[in-house]
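Peer 1: This is a predicted model, with the sequence first.
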Amino acid sequence: REALAVRGGAFGQRHPLVAESLTDLGVLSEARGDLRQALALHGRALAIREEARGPKHPDAGRSLTSLGHLHK
């Protein structure tokens, strides 16, 4: 969470590096079994990536893949 706070403060809450931190936290949440939190974090990451780089960018695809794994 510290990386998220630092990146958000330095670059703004809608920066792709913030999405990277959100994704990392989503993976950790999933590993702990907190799927609701993982979904929320990956969803926020996806929204940032789509806004910053467009829905067809590979980073957005990675977020969609992460979300898809949670819905198996």
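Peer 2: Cool, the structure landed.

Peer 1: Closest to the centroid, which residue in the chain?
Peer 2: The chain has A45 as the residue nearest its centroid, 2.8 Å off, counting by C-alpha atoms, centre = their mean.

Peer 1: any idea how far that one is from T23?
Peer 2: Going from A45 to T23 by C-beta to C-beta, to the nearest Å gives 5 Å. All C-beta spots, glycine's among them, are computed from the backbone N, C-alpha and C.

Peer 1: list the residues that contact both of those two?
Peer 2: Taking C-beta atoms under 8 Å, 6 or more residues apart in numbering as the criterion, A45 and T23 both touch S63, S66.

Peer 1: which sections of the protein are below the confidence cut-off?
Peer 2: Within the chain, the stretches with pLDDT under 70 are 72.

Peer 1: Would you mind measuring from D59 to L25?
Peer 2: Distance from D59 to L25, counting by C-beta to C-beta: 16 Å.

Peer 1: got it, and L64?
Peer 2: 17 Å.

Peer 1: again, but for P16
Peer 2: 15 Å.

Peer 1: cool, Q13 as well?
Peer 2: From Q13 to L25 the distance is 14 Å (C-beta to C-beta).

Peer 1: What of E50?
Peer 2: To L25, E50 is 18 Å away according to C-beta to C-beta.

Peer 1: and R14, how many neighbours?
Peer 2: Look at R14: counted by other C-beta atoms under 10 Å, it has 13 neighbours.

Peer 1: what secondary structure does it sit in?
Peer 2: Using DSSP: H, G, I helix; E, B strand; the rest coil, the structure places R14 in coil.

Peer 1: before we move on, the earlier item: of L64 and L25, who's got more company?
Peer 2: Per other C-beta under 10 Å, whichever of L64 and L25 has more neighbours is L25, with 20 against 15.

Peer 1: Quick check: the gap between that one and G12.
Peer 2: Counting by C-beta to C-beta, the gap from L25 to G12 is 18 Å.
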